[in-house]
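Novice: here is my input, please return the structure:
(one chain, ligands or ions: 1)
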Amino acid sequence: MTGFRVAFLGPHGTFCEQALRTLTPAVLGDALGEPEPALLPFASTTAALDAVRAGDAEAACVPVENSVEGGVPATMDGLVETPPLVIVREILLPVRFSVLVRPGTTADEVGSVASHPHGEAQTRRWIAEHLPAAEVRLTSSTAAAAAQVAAGEVDAAVCAPVAAAHHGLVELASGVHDTGDAVTRFVLVRPPGAPGLPAPTGADRTSIAATTVNQPGALLAVLTEIAVRGVDLTRIESRPLKDRRGDYWFFLDGTGHVAEPAMGEALAALRRRCTDVRFLGSYPRATVAGEEGPGGDPGPGQTVKDYTESASWLAALRDGSGA
Ligand SMILES: O=C(O)C(=O)Cc1ccccc1
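Specialist: Purely as a prediction, here's the structure:
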């Protein structure tokens with residue numbers, strides 16, 4: 001038994017567990033310094049993140065966004081709480097839903113159907129068409145919906161096919177979705193300073209959360225600091241600050257690593273410009289099998305080599321050896 005624990009959105013049979021299990025022992029060992037951790041299911045993403053903050057787990061795997069429904073609010077809110085956590089890996093999981101029922105249940109007998117809000121959002125049309133009379137209930141995870149079916153609390157669950165084996169259910173339908181090729185992005189988080197924080201690979205992503213003063217052009221100024229350094233912004237999404245009505249956290253993902261000059265300079269500029277800025281991690285960019293990731297040519301004068309050469313040139317001006 002290892003002393004190393006990874007919390008995840010449970011119960012067993014969630015997409016989150018599947019995402020975590022796609023990491024090979026080598027990748028986990030690299031990201032966590034421990035190839036075979038114990039995987040601990042938690043009832044919510046908030047509880048999984050809290051477990052890391054409380055020292056009850058060394059890392060947590062949580063869903064962060066979906067290509068159809070956008071960000072997972074509980075995860076975004078949880079990432080900017082204190083003490084800070086940083087992302088050390090991202091995992092992209094193509095998501096295919098099954099509709100699971102107790103053995104013997106027919107479509108006509110389904111009076112209620114449950115799923116995680118992101119599961120419901122991705123199958124809303126299908127449910128309206130195939131289970132028009134069913135009352136829709138939202139659950140903390142897709143596997144929690146399957147557990148409710150097994151307990152007789154609800155008739156059907158929209159969830160991962162693997163949840164059938166975990167909860168003794170059968171498929172009423174499989175391959176269910178409103179939009180094909182949906183992908184969910186999960187992240188593995190750790191406390192900052194933990195061993196094994198990712199070194200630059202040359203194909204990394206950095207996640208940042210920033211708040212600005214409420215003035216015309218404030219967000220434009222933040223985006224400009226990023227754009228002029230050739231950082232490819234791959235995501236921008238906002239969440240209300242809650243205790244400061246009208247103010248927002250802007251969640252920004254861009255290509256590059258904090259150890260590289262362009263991203264490092266962009267972060268330093270945000271630190272000057274923003275009322276608050278949180279570094280949420282630099283980690284290797286994941287791609288879906290067979291697809292090209294972002295981060296092509298950063299533009300003229302924007303490569304790491306360009307930054308290094310211009311920094312040496314400036315240093316020479318300053319010490320009087322160059323002109
Ligand atoms: O509830 C789950 O299984 C999760 O991992 C969250 C989720 C829900 C719906 C689609 C993708 C991920």
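Novice: contacts and neighbour counts: CA atoms only from here.
Specialist: OK.
Novice: point out the residues in the protein that sit beside the ligand.
Specialist: By the rule CA under 6 Å from any ligand atom, the part of the chain lying against the ligand is 14-16, 63, 116, 118-119, 141-143, 184.
Novice: could you work out the most separated pair of those?
Specialist: Largest separation among those by CA to CA: 143 and 184, giving 15.7 Å.
Novice: could you check which of these two is surrounded by more residues?
Specialist: Comparing residue 143 with residue 184 by neighbour count (other CA atoms under 10 Å), the higher total belongs to residue 143, at 32 against 24.
Novice: so the more buried one sits right up against residue 160, yeah?
Specialist: Yes. Under the criterion of CA atoms under 8 Å, residue 143 makes contact with residue 160 at 7.4 Å.
Novice: touching both of these two, which residues are there?
Specialist: 13-14 (CA atoms under 8 Å, 6 or more residues apart in numbering).
Novice: for the protein, give me the ranges with low pLDDT.
Specialist: The chain contains residues with pLDDT under 70 at 1-2, 290-296.
Novice: can you list the domains in it?
Specialist: The chain breaks down into these domains under automatic domain parsing: 1-92+185-191, 97-176, 197-289.
Novice: and the first one, how far out from the chain middle?
Specialist: It stands for domain 1-92+185-191. Remark: domain 1-92+185-191 is offset 9 Å from the chain centroid, using CA atoms, centre = their mean, to the nearest Å.
Novice: in the protein, which spans are helices?
Specialist: Secondary structure of the chain (DSSP state H): helices at 15-21, 25-32, 45-53, 73-79, 117-130, 142-150, 163-167, 218-227, 261-273, 304-319.
Novice: spit out the contact partners of the most centrally placed residue in the chain.
Specialist: Centroid-nearest residue in the chain: residue 64, 2.8 Å away (criterion: CA atoms, centre = their mean). Counting by CA under 8 Å, 6+ apart, residue 64 touches 71-72, 75-76, 184-187.
Novice: what of residue 257?
Specialist: By CA under 8 Å, 6+ apart, the contact set of residue 257 is 200, 202, 204-206, 263-264, 282-283.
Novice: neighbour count for the residues you listed - can I get that in TSV?
Specialist: TSV is the format used below for the contacts of residue 257 (neighbours: other CA atoms under 10 Å):
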residue	neighbour count
200	16
202	14
204	21
205	29
206	25
263	24
264	15
282	28
283	28
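Novice: for the stretch 151-300 of the chain, which residue gets nearest to the ligand?
Specialist: As assessed by CA to the nearest ligand atom, the ligand sits closest to residue 184 within the stretch 151-300 of the chain, at 5.5 Å.
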